[in-house]
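# coords please:
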Amino acid sequence: TAEAYASGPLSESLGFRLAAQYNKVDKVLHNSAPGVANPDRGETNANVRATLLWKPTEAFSANLKLNYVRHDADGSIRYSVIGCGANAAPDPISLAGGAFLVPAGYNCDISGKRYVLPDIAPPLALKAPLGKDFNNGVPYANSDIYFGRLKLDWALTDGLTLSSVTGYLDQKAVDFDAFS
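So this is what the prediction gives:
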């Protein structure tokens, strides 16, 4: 993990703060299913935030915050409940109300108290619909989040302040994992 920040005045009425954080974890959990592409699932996070405070008079202030977050991971699942039938065999993946059954691809042996879930069941990883990239069946997760907020405060009298808050959010996230 690395963190840094800088802050201070740019002028008598304008101040700034810039902060950043980076975190990389090589092994969030271990997946002991045979043949998985990333048995030690990891993740990387980056966050950058900038703040400007403008106070031209005692009665007025404007505060602008901008934030960016990036998250990349070797899949989305942290915990999973595995469905095993009475015969101690994994329940198949049911599609279209049971019209199609796909072998689950995992086993019901939890004796080692390990996370055991395959990448994607091979019949489901062959082709991605609508031009999406399923990463050849290897789980992944990534997101980009942009957030901004502008707050304006205007003290009209000693007991009355007019405030305005405007926000912006843009999020793009893709998660692909064996959720079945």
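# C-alpha from now on. contacts and neighbour counts both.
Noted.
# State the number of residues packed around P139.
Neighbour count for P139, taken as other Cα atoms under 10 Å: 23.
# Then G75?
By other Cα under 10 Å, 21 other residues sit near G75.
# Against D153, how distant is it?
43 Å (Cα to Cα, to the nearest Å).
# pretty sure F100 is touching P92, no?
No: taking Cα atoms under 8 Å as the definition, F100 is not a contact partner of P92, at 9.5 Å.
# Settle it for me: which of these two has more neighbours?
Neighbours per residue (other Cα under 10 Å) separate F100 from P92, with P92 holding more: 18 against 10.
# quick one: low-confidence parts of this structure?
Applying pLDDT under 70 to the chain flags residues 32-34, 78-88, 104-134, 136, 178-180.
# 80 instead?
Low-confidence segments of the chain (pLDDT under 80): 28-39, 75-98, 100-138, 176-180.
# Run through the strands of it in chain order.
All strands of the chain, identified by DSSP state E, fall at 2-9, 14-30, 40-54, 60-73, 93-95, 100-102, 140-157, 160-176.
# Please identify the buried residues of the second one?
Across strand 14-30, burial judged by 16 or more other Cα atoms under 10 Å covers 14-16, 18, 20, 24, 29.
# What is the nearest of those residues to Q171?
Among the buried residues of strand 14-30, A20 lies closest to Q171 (Cα to Cα), at 18.9 Å.
# so what's that closest one bridging to?
A4, V48 (DSSP bridges).
# what separates it from L101, distance-wise?
Distance from A20 to L101, by Cα to Cα: 47 Å.
# Wait, L64 touches D153, no?
No: using Cα under 8 Å, L64 is not in contact with D153; the gap is 11.7 Å.
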